[in-house]
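J.: quick one: sequence plus predicted model below, questions after.
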Amino acid sequence: MENIEPYLEKAKQSLEEKDFKRFIENIVIAKHLTKSYTEYRPEVLYQYAIGLYKLGDYKGAYEEIEEAIVVQEPEKKYNLIKIKGIILGKLGALEDAVQIFERLSKLDEYPRIKIGAINNLAWVYVYLFKQKSDSEFLKKAIEKCNSLITQFNLFDDNDLRGKVLINLGTVYWYQKNFKESLDVFNEALKYVKDHPRLFNNLASVYVQLGETEKAYEFIDKAELIADRTKNYFEKAQSYVILAELSEYNEDYLRAIDYYQVALDHFISVQAPLEIYECFDNILRLQAKINRESIKLMKENFKNKVLNSLGEEIHLKLDFEKEVI
C-alpha cells in the first residue's frame, strides 16, 4: 500500500508555489488513499478545498467544502465557512454571504475569524452598493472598517490591516471622495507592499484625479504582481482601468479592446458581477461610437448638400432628425 504522506506534502508545497497542476495530481491521489489512511482525511479534504478555491474552481471548492466541514476541528471549520461566504459573494449571492459573515463576526472565541468576517462584511456591502445603488451599504461598510481600525493594536496581522484599509479606501472611491480614498490607500501601503488590488485601486484614484502618468505607473506595478502571483482577477482589473484611461482620452475603440481582454479574464475566474459590468461598458461604448459615427456622417452630408445646393435647401431638409 502506498504511503499517503509524500502526496499530501507535495500537494501542500505545490499549493504554496501556485503550481496548481501538480497540486491536483497529488491531492487527488492523497484523497483516494484516505480510504486506507482515514486519520489523514480531515487534512486532505481541507487542503483540497483550499486549493480548488485558490485555483478559481469555485463550484468544485464549494462542493469540497461541504464534504470537508463535517470532519474539521472548529477553527479550520470556520475558516472553510469563511471561504464559502467569499465564494458566494464572488458568485453574486451577496445576501447569503452577508448571513455567513454576520454569524462568523460573533465568534469572540476565535478573534482572527471574527476580525476577518467583519472585514468581509465591508467587502460584501460594497458589492451590494454596486448591485442596488443604495448608499446605506457604503455607510455600513465604513462602520465595519472603522470598527476594525480602532482595534489595529489588538491583532498582529499587517496583511489584514492592509485589506481593511483597502476596503475603506474603496468605499470612499465609490462616494467620489477621491482625495480621502487616496490618503487611505497610501496608509495601506505601510502594511502591504506587494498587493495588486491596492496598486489597481491607486491607479483608479489617479484616473479620477486626472493624474494619468501616476495611473499608468500603478497599473504596471499591479500587472507585474498579478502575473507573478497568477492573480487573473486583478490582471483583469488592470485592463478595466486601462479601458477607463482610453475612454478618458476619447479612444473608444481601444477602450473596448481593453474591456474585452478584461471580460475574458473575468470569465476565466468566474466573476459574474465584473463580467456584467465589462459587457455593459462594451455595449455602452459601442453605442457611443455608433452615435458619433452617425453624427459625423450627418455633418458631412449636410456640408456636401449645402455646398452643392446652397443655403435654401436648409428650409426643406431636417438635418437634425434623429436616426434610429
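T.: In hand now; what should we look at? Residues are numbered from 1 along each chain as shown.
J.: would you map out the domains in this protein?
T.: 1-72, 98-192, 194-324 (automatic domain parsing).
J.: and the ones you listed: which comes nearest Asn79?
T.: Within the domains of the chain, the stretch nearest Asn79 is domain 98-192; the backing value is 6.7 Å (CB to CB). Where C-beta positions appear, they are placed from N, C-alpha and C, glycine not excepted.
J.: same question for the closest one, mean pLDDT?
T.: Mean pLDDT, domain 98-192: 95.
J.: and the residue positioned nearest the centre of the chain, what does it touch?
T.: Against the mean C-alpha coordinate of the chain, by CA atoms, centre = their mean, the closest residue is Phe233 at 5.7 Å. Counting by CB atoms under 8 Å, 6 or more residues apart in numbering, Phe233 touches 265-266, 269, 271, 274.
J.: turn these into CSV, including pLDDT, neighbour count and secondary structure.
T.: Shown next, in CSV, are the contacts of Phe233 (pLDDT from 0 to 100; neighbours: other CB atoms under 10 Å; DSSP: H, G, I helix; E, B strand; the rest coil):
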residue, pLDDT, neighbour count, secondary structure
His265, 95, 22, helix
Phe266, 94, 25, helix
Val269, 89, 19, coil
Ala271, 90, 24, coil
Glu274, 94, 21, helix
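J.: just the residues you listed now: which is nearest Val70?
T.: So of the contacts of Phe233, ranked by how close each gets to Val70 (CB to CB), first place is Val269, at 28.1 Å.
J.: hang on, the earlier thing: now render the domains of the chain as JSON lines, adding distance to Lys84.
T.: What follows is the domains of the chain, written out as JSON lines (distance: least, CB to CB, whole Å):
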{"stretch": "domain 1-72", "distance to Lys84": "5"}
{"stretch": "domain 98-192", "distance to Lys84": "6"}
{"stretch": "domain 194-324", "distance to Lys84": "15"}
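J.: let me know which of the ones you listed is the nearest to Gly92.
T.: Gly92 lies closest, by CB to CB, to one member of the domains of the chain: domain 194-324, at 4.9 Å.
J.: so the residue nearest to the centre of the chain: helix, strand or coil?
T.: Classification of Phe233 by DSSP: H, G, I helix; E, B strand; the rest coil places it in helix.
J.: same thing with Gln270?
T.: From three-state DSSP, the assignment for Gln270 is coil.
J.: now the nearest residue to it once chain neighbours are set aside: how far from His195?
T.: Nearest non-adjacent residue to Gln270, counting by CB to CB, 6 or more residues apart in numbering: Tyr58, 5.3 Å away. Counting by CB to CB, to the nearest Å, the gap from Tyr58 to His195 is 21 Å.
J.: again, but for Glu66
T.: With distances taken as CB to CB, Glu66 is found 30 Å from His195.
J.: ok, now Lys221?
T.: Look at Lys221 and His195: by CB to CB, they are 10 Å apart.
J.: what about those two, which has more around it?
T.: Neighbours were counted for Lys221 and for His195 using other CB atoms under 10 Å; His195 has more, 22 against 19.
J.: wait, the more buried one touches Arg161, no?
T.: No. Judged on CB atoms under 8 Å, His195 makes no contact with Arg161 at a distance of 11.7 Å.
J.: average pLDDT for stretch 303-319?
T.: Across stretch 303-319, pLDDT averages out at 60.
J.: neighbours of the residue lying closest to Ala188 once chain neighbours are set aside, just the number please.
T.: Distances taken as CB to CB, 6+ apart place Leu165 nearest to Ala188, at 3.7 Å, with adjacent residues excluded. Per other CB under 10 Å, the neighbour tally for Leu165 reads 25.
J.: so Leu165 touches Asp183, yeah?
T.: No. Judged on CB under 8 Å, Leu165 makes no contact with Asp183 at a distance of 9.9 Å.
J.: ok, back up a step: for the helix or strand hosting the residue nearest to Ala188, packing partners?
T.: For Leu165, the host element (DSSP states H and E) is helix 158-174. The contact analysis (3 or more CB pairs under 8 Å, 6 or more residues apart in numbering; DSSP states H and E) places helix 158-174 against helix 111-132, helix 136-149, helix 178-188, helix 196-208.
J.: so which bits of that helix are buried?
T.: For helix 158-174, a neighbour-count test (16 or more other CB atoms under 10 Å) marks 160-173 as buried.
J.: include distance to Glu9 when you put those residues into JSON lines, please.
T.: Below are the buried residues of helix 158-174 laid out as JSON lines (distance: CB to CB, whole Å):
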{"residue": "Leu160", "distance to Glu9": "28"}
{"residue": "Arg161", "distance to Glu9": "32"}
{"residue": "Gly162", "distance to Glu9": "30"}
{"residue": "Lys163", "distance to Glu9": "29"}
{"residue": "Val164", "distance to Glu9": "34"}
{"residue": "Leu165", "distance to Glu9": "36"}
{"residue": "Ile166", "distance to Glu9": "33"}
{"residue": "Asn167", "distance to Glu9": "35"}
{"residue": "Leu168", "distance to Glu9": "39"}
{"residue": "Gly169", "distance to Glu9": "39"}
{"residue": "Thr170", "distance to Glu9": "38"}
{"residue": "Val171", "distance to Glu9": "42"}
{"residue": "Tyr172", "distance to Glu9": "44"}
{"residue": "Trp173", "distance to Glu9": "43"}
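J.: all set, thanks.
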